[in-house]
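[1] Okay, structure incoming, though there's no sequence with it:
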């Protein structure tokens, strides 16, 4: 049997995910992940074990951040994101991709960012002498969860409507005429840009670069930079999930989606 080259493995294992990868994921994480995938393929460890390892690595990173070991913290949090690419590649390598694996991977993507933001807030609270910064960290973590949760809840409702035959929800055409007007295109572009920025894979390289650069200076600069980052992120992510929720309700998007899929 012919051994695949790294280039061929990249195309087979990374190609299906390329449209969904961020620039950081595609050009940095995927550049390294393929070598780890090959390494793990030679061990008995499966994709679920790699997912578990990625969660553990991410939580270790959050702990290091809380303990003011920023370089180690950033290293381990990025290690979580790197292994988050590896588990899917390993599943495709072995031909064992499954809904359960995707579910477990999704859980990991919810756990680690929440604790990462929580640890930043706890560190900024300075031994909880400034507890409001811990609350800002909670707000960031909660916001990152809500951005994911809104999409997952939407998919769950659509799935249940289609599988449980909620036919009484599908035939109310008059109600669909009473929908909120669509926002102007310019506002949509601004909102999409903010939404893109607050996704953790996009925010992570900015956070990492800030930690690395500021670590060469005194701690006061690091604290000031992260107070600005965390406060800004909390405000933006709160706007994103709140506006998304209001728009979903007022526009009745789910009603339209279910009707379209049920035809």
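    Done, it's in. Keep in mind that this is a model prediction, so the values were computed, not measured.
[2] okay, CA-based contacts and neighbour counts for the rest of this
    OK.
[3] who touches the residue nearest to the spatial centre of the chain in this structure?
    For the chain, residue 200 is the residue whose C-alpha lies nearest the centre (CA atoms, centre = their mean; 4.7 Å). Applying CA atoms under 8 Å, 6 or more residues apart in numbering, one finds that residue 200 lies in contact with 113, 144.
[4] what does residue 257 give?
    Residue 257 neighbours (CA under 8 Å, 6+ apart): residue 158.
[5] mind checking pLDDT for it?
    pLDDT, residue 257: 80.
[6] where's residue 145 relative to residue 30, distance?
    Between residue 145 and residue 30 the distance is 24 Å, computed by CA to CA, to the nearest Å.
[7] So for the two, which residue has more residues nearby?
    Between residue 145 and residue 30, counted using other CA atoms under 10 Å, residue 30 has the larger neighbour count: 21 against 18.
[8] Is the more buried one in a helix, a strand, or coil?
    Classification of residue 30 by DSSP: H, G, I helix; E, B strand; the rest coil places it in helix.
[9] you'd agree it is up against residue 85?
    Yes. Residue 30 lies in contact with residue 85 (CA atoms under 8 Å); the separation is 7.0 Å.
[10] How about the contacts made by residue 14?
    By CA under 8 Å, 6+ apart, the neighbours of residue 14 are 30, 89.
[11] so is it in a helix, a strand, or just coil?
    Per three-state DSSP, residue 14 ends up helix.
[12] And the pLDDT at it?
    On the pLDDT scale, residue 14 is placed at 92.
[13] Equivalent analysis for residue 251, please.
    The per-residue pLDDT of residue 251 was computed as 85.
[14] same question, residue 225
    Residue 225 is given a pLDDT of 95.
[15] what's the answer for residue 125, then?
    94.
[16] Name the spans of the stretch 1-150 of the chain whose pLDDT lies under the cut-off.
    Along the stretch 1-150 of the chain, segments meeting pLDDT under 70 span 1-2.
[17] in it, which spans are helices?
    With helices called from DSSP state H, counting those that start in this stretch, the stretch 1-150 of the chain shows them at 6-9, 23-24, 30-41, 47-66, 70-94, 99-124, 131-164.
[18] And those: which comes nearest residue 262?
    Residue 262 sits nearest to helix 131-164 of all the helices of the stretch 1-150 of the chain, at 6.7 Å, using CA to CA.
[19] Check which helices and strands the closest one sits against.
    Judged by 3 or more CA pairs under 8 Å, 6 or more residues apart in numbering; DSSP states H and E, helix 131-164 is in contact with helix 99-124, helix 219-251, helix 253-262.
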